[in-house]
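[1] Need a 3D model of the following:
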Amino acid sequence: MSTLITGASSGIGTELARRFAGLGHDLVLVARRRDRLDELAAELERDHGATVTVVPLDLSTPTAPDELVQRLDALGLTVDVLVNNAGFATHGYVADADPGRLHEQIALNCQALVGLTARFLPGMRARGTGTILNIASTAAFQPVPHMAVYSATKAFVLTFTEALWHEMRGSGVRVLAACPGPTDTPFFEVAGMTTEGGRRRTTQQLADHIMRALRTTKPSVVDGLANALLARVATRLVPRRVVIAAAGRMMRPAAPRP
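    Predicted coordinates for the structure are as follows:
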């Protein structure tokens, strides 16, 4: 059994790599930083006896999905489980943002995810077995001012994955969207946020929930009871403009110091 994980060099991707290695899977680890991938590969080989293939690659580039498939084909590797975890956020006003950075965010969070899914899914369907796990977010359930592009990309991931879940029913291919809330990873630092209010879930808690959810037939799962109540209940009961305003206050950039 072979599992490919994007964004595997830190946070959620690293923890999921440990979980799948613990199940006896061989791993294909994809991220930009080879040094971190090599460190994780050595850990998984030492602790779990896994065979690990490291592929340093920037998935936000248009040719990346094809390049990844070509590398794996050359190695004779088949992907049984695809974990589309790679993604990032930007924080601030769209009017002040670097357009190129916003484009990279959409390319990685959406285009790479769809591109890899479309390339590996036919083989899974032909074999009658496989898993597609896409990491969305609780931000998928409402617009988030000051993280406008990120929340939009995660809404895309959620709806795409749930639609794909329906298409694949009866095929033997398991499809799941996992929606974390605030999680203890480098995410907020990468997004340029110095602080983020509220308690964060650990990557271990999230991974526990995901691995349980994969044994069900649900199309999506929200990690954490409080997150699930906010995402699935509050966003439907509270007027839309109130939800947007609350998210905007929570995510408003700090005023620059004089």
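[2] which helices and strands sit right next to the longest helix seen in the chain?
    Using DSSP state H, we find that the single longest helix of the chain is helix 148-167. Helices and strands touching helix 148-167, as assessed by 3 or more Cβ pairs under 8 Å, 6 or more residues apart in numbering; DSSP states H and E, comprise helix 99-106, helix 113-127, strand 130-135, strand 173-179, strand 220-222. Glycine gets a C-beta too; all of them are placed from N, C-alpha and C.
[3] where in this structure is pLDDT low?
    185-198, 255-258 (pLDDT under 70).
[4] All the helices of it, in order from the start?
    All helices of the chain, identified by DSSP H, fall at 11-22, 34-48, 64-75, 99-106, 113-127, 148-167, 187-190, 203-213, 225-228, 235-237, 240-251.
[5] In stretch 237-252, which residues are buried?
    By neighbour count on 16 or more other Cβ atoms under 10 Å, the buried set for stretch 237-252 is 243, 247, 251.
[6] same question but for stretch 159-171, I mixed them up
    160, 161, 162, 164, 165, 168, 171.
[7] and what of stretch 213-230?
    Here stretch 213-230 shows 213, 214, 219, 220, 221, 222, 223, 224, 227, 230 as buried, counting by 16+ other Cβ under 10 Å.
[8] mind putting these in a markdown table, distance to residue 133 included?
    Converted to a markdown table, those look like this (distance: Cβ to Cβ, whole Å):
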| residue | distance to residue 133 |
| --- | --- |
| 213 | 9 |
| 214 | 7 |
| 219 | 12 |
| 220 | 11 |
| 221 | 10 |
| 222 | 15 |
| 223 | 13 |
| 224 | 18 |
| 227 | 18 |
| 230 | 22 |
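[9] Among the residues you listed, give me the pair with the biggest separation.
    For those, the farthest-apart pair by Cβ to Cβ is 214 and 230; their separation is 23.2 Å.
[10] thinking again about what came up before, what's next to the longest helix of the chain, contact-wise?
    84, 87-90, 94, 97, 102, 105-106, 109-110, 113-114, 117, 121, 132, 134-137, 139-144, 175-177, 179, 191, 219-220 (Cβ atoms under 8 Å, 6 or more residues apart in numbering).
[11] what about 6 Å?
    With Cβ atoms under 6 Å, 6 or more residues apart in numbering as the contact definition, helix 148-167 has outside contacts at 89, 94, 102, 105-106, 109-110, 134, 136-137, 139-140, 143-144, 175, 177, 219-220.
[12] cool, and stretch 223-231?
    Outside stretch 223-231, the residues touching it (Cβ under 6 Å, 6+ apart) are 138, 141, 180, 181, 201, 206, 209, 222.
[13] before we move on, back to that, and the longest helix of the chain with strand 173-179, angle?
    Using axes from the mean of the first three to the mean of the last three Cα atoms, to 10 degrees, the direction of helix 148-167 lies 150 degrees away from that of strand 173-179.
[14] what's the angle between helix 148-167 and helix 240-251?
    Using the same axes, to 10 degrees: helix 148-167 against helix 240-251 is 120 degrees.
[15] Can you show me the CA trace of helix 148-167 as PDB?
    Taking Å, rounded to 0.1, in the frame of the first residue of the first chain, the C-alpha atoms of helix 148-167 are listed here in PDB:
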ATOM      1  CA  ALA A 148     -10.800  36.100   1.600                       C
ATOM      2  CA  VAL A 149      -8.900  34.100  -1.000                       C
ATOM      3  CA  TYR A 150      -8.100  31.300   1.500                       C
ATOM      4  CA  SER A 151     -11.700  30.800   2.700                       C
ATOM      5  CA  ALA A 152     -12.800  30.800  -1.000                       C
ATOM      6  CA  THR A 153     -10.200  28.100  -1.900                       C
ATOM      7  CA  LYS A 154     -11.300  26.000   1.000                       C
ATOM      8  CA  ALA A 155     -15.000  26.300   0.100                       C
ATOM      9  CA  PHE A 156     -13.900  25.100  -3.400                       C
ATOM     10  CA  VAL A 157     -12.100  22.100  -1.800                       C
ATOM     11  CA  LEU A 158     -15.000  21.100   0.300                       C
ATOM     12  CA  THR A 159     -17.600  21.300  -2.500                       C
ATOM     13  CA  PHE A 160     -15.400  19.600  -5.000                       C
ATOM     14  CA  THR A 161     -14.600  16.700  -2.600                       C
ATOM     15  CA  GLU A 162     -18.200  16.200  -1.500                       C
ATOM     16  CA  ALA A 163     -19.300  16.100  -5.200                       C
ATOM     17  CA  LEU A 164     -16.500  13.600  -6.000                       C
ATOM     18  CA  TRP A 165     -17.600  11.500  -3.000                       C
ATOM     19  CA  HIS A 166     -21.000  11.100  -4.700                       C
ATOM     20  CA  GLU A 167     -19.400  10.300  -8.100                       C
END
